[in-house]
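Colleague: coords please:
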Amino acid sequence: MRRLAAAAGVVVVGAIAYGAADVADVVPGVLTRDVAADVAQITPGPQPEPVGAVAPAASTTAPRPSTGALTRELDPLVEDAWLGRRAGVVVRDALTGEVLYDHRGSAPMVPASTQKILAGAAVAETSDLSSTMTTRVVTGASADEVVLVAGGDTMIAKGAGDPTAVEGRAGMRDLARQVARSLGPEAKGERLTLRLDATYAAGPRVPSTWDPTDVTNGFTQAVTMIGLAGERPEPYQPSPRYPERSALSALRAELTRAGLDVRVDDSASTWRTAAPEGATELGSVESAPLGEVLAEALSSSDNALTENLTRQAALADGARSGDAKDVARWVRSTLTDAGVDMSGTRLVDASGLSRGQRVPADTISQVMQLGITGSAKSLRGVLLGLPVAGFTGTLHERFTEPEAVPAVGVARAKTGTLTGVSGLAGTTTTADGRVLTYVLLADQVPSTTGTLGARAVLDEIVGTLTTCGCR
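Modeller: Have a look, this model is predicted:
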């Protein structure tokens, strides 16, 4: 009855459907406790007024739960009818990596967006997460042509950039002012043509394994290498069909503001033509660091942004092409090389949006451990950027029921939602101060109970882990 009440309380959310993918409903919140990925150096974050149970500071000497006690506490929840006939659960001690609880952890399951953790780990394993993406303007093939060169940043501000932001760090106004200065006063008497070079990290705009209606319905957008802040999709509020044209239009507006007479050639056929070799750079702007952008992609469960970043990393690391299936093969190969057992795993994209994918809960658990005590130490920052229960990202309206409230401000997780699929993968701190990782997948959620019922059970499992000493 308590879960039915929970579902009824958010029926409006249910009405707009959890059909296609995780809803990117980011609401900035206070991070109440950083469950640090480096377990040996865990420190609490800033604290607001207490919400629910406040966990003690994480400690490397805290007692860990026993498998027997966890089994008694979790088995009834994992076998709850609201999760359907198939649930895969793995709980590990974050300090040692020891598996403390395993329920069908090796069974291949539909991961939905929890799969983004695999993509994030592959990017972190092979990339410099302190690097940035550069958007440039250079001279063109003729004296009156300038070329906007895409460099991967799809969150450029229409106006001035914000040096404190992730979305909108680079700005078209800053770029236009540099271009105007480089061209000099004499350019104000000439008419210029602006076109786009979109040859960087080229690949399909919409992976062949995606349902195109997910794009038209605003659950994702085309995978491009340039776009504007504020134009990312929301359910039933899709992004522009061609973010490239939005970027060209925004730059033209700012060049006009800077006193230049500019017309835009926005024909898609010209996007495949690279800027002239040796062209003079007229201006450039930098995105937020790659690690911050990757954390944003996971926090907001942004499918296109995840595909964008993973494609860039894959091609830089020698992937055969920018096709989603080739990028998925690169993710698998990269994680295998890092020591992850990828048995039973089938990937066809990086984001988890495609149907037909399978990942065991234990595989996701192993990948998370890579960022804690394993080789992918740069993944730590990404794990620390996962949404906080009850506060941020895709978790900001969750963990409201009494059994789940203890996890508020303590647990972090990546969500995963498709029709009939619900999952969580993240970290929490027990009542004794022991840090645990958990992966919870259910891929046969009954249509009679739906996503809202399943996620209520998953939240309760995390709440139980948080309050349970379980020794």
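Colleague: low-scoring stretches of this structure, by residue?
Modeller: 1-57, 375-376 (pLDDT under 70).
Colleague: Just grab the bridge partners of the closest residue to residue 111 other than its chain neighbours for me.
Modeller: Excluding the flanking residues, the one nearest residue 111 by CB to CB, 6 or more residues apart in numbering is residue 359, at 4.1 Å. Using the backbone N, CA and C atoms, a C-beta is placed for each residue, glycine as well. Beta-bridge partners recorded for residue 359 (DSSP bridges): residue 109.
Colleague: need the contact list for residue 359.
Modeller: 108, 109, 111, 114, 115, 118, 344, 345, 346, 347 (CB atoms under 8 Å, 6 or more residues apart in numbering).
Colleague: Settle this for me: residue 258 is touching residue 177, isn't it.
Modeller: Yes - Residue 258 lies in contact with residue 177 (CB atoms under 8 Å); the separation is 5.8 Å.
Colleague: Got the domain ranges for the protein?
Modeller: The chain breaks down by automatic domain parsing into domains covering 2-128+319-467, 134-288.
Colleague: tell me the most buried of those domains?
Modeller: domain 2-128+319-467 (a mean of 21; mean count of other CB atoms under 10 Å).
Colleague: Distance from that one to the middle of the chain?
Modeller: The chain centroid and the centroid of domain 2-128+319-467 are separated by 13 Å under CA atoms, centre = their mean, to the nearest Å.
Colleague: How about stretch 232-252?
Modeller: Per CA atoms, centre = their mean, the centroid offset for stretch 232-252 relative to its chain is 19 Å.
Colleague: State the distance from residue 443 to residue 67.
Modeller: 25 Å (CB to CB, to the nearest Å).
Colleague: How about residue 115?
Modeller: 27 Å.
Colleague: Report the beta-bridge partners for residue 281.
Modeller: The partner residues for residue 281, given DSSP bridges, come to residue 138.
Colleague: is it true that it touches residue 137?
Modeller: Yes - assessed by CB under 8 Å, residue 281 is found in contact with residue 137 at 7.5 Å.
Colleague: Now do the strands in the protein.
Modeller: With strands called from DSSP state E, the chain shows them at 87-93, 99-103, 108-109, 134-139, 145-149, 191-197, 261-264, 281-286, 359-360, 412-418, 421-429, 435-442.
Colleague: can I get the ones you listed in JSON lines with distance to residue 368?
Modeller: As requested, these are arranged in JSON lines below (distance: least, CB to CB, whole Å):
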{"stretch": "strand 87-93", "distance to residue 368": "8"}
{"stretch": "strand 99-103", "distance to residue 368": "12"}
{"stretch": "strand 108-109", "distance to residue 368": "16"}
{"stretch": "strand 134-139", "distance to residue 368": "31"}
{"stretch": "strand 145-149", "distance to residue 368": "36"}
{"stretch": "strand 191-197", "distance to residue 368": "38"}
{"stretch": "strand 261-264", "distance to residue 368": "45"}
{"stretch": "strand 281-286", "distance to residue 368": "30"}
{"stretch": "strand 359-360", "distance to residue 368": "12"}
{"stretch": "strand 412-418", "distance to residue 368": "9"}
{"stretch": "strand 421-429", "distance to residue 368": "7"}
{"stretch": "strand 435-442", "distance to residue 368": "5"}
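Colleague: on that earlier part again, identify those among the contacts of residue 359 that sit within helices.
Modeller: Among the contacts of residue 359, the members falling in helices (DSSP state H) are residue 118.
Colleague: Turn the contacts of residue 359 into a markdown table, columns for distance to residue 471.
Modeller: Shown next, in a markdown table, are these (distance: CB to CB, whole Å):
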| residue | distance to residue 471 |
| --- | --- |
| 108 | 33 |
| 109 | 29 |
| 111 | 31 |
| 114 | 29 |
| 115 | 33 |
| 118 | 32 |
| 344 | 32 |
| 345 | 34 |
| 346 | 38 |
| 347 | 38 |
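Colleague: which one among the contacts of residue 359 gets closest to residue 181?
Modeller: residue 118 (44.1 Å; CB to CB).
Colleague: what's that closest one in contact with, if anything?
Modeller: 111, 331, 335, 347, 350, 359, 363, 364, 367.
Colleague: make it 10 Å
Modeller: 111, 310, 328, 331-332, 334-335, 340, 342, 345, 347, 350, 352, 359, 363-364, 366-368 (CB atoms under 10 Å, 6 or more residues apart in numbering).
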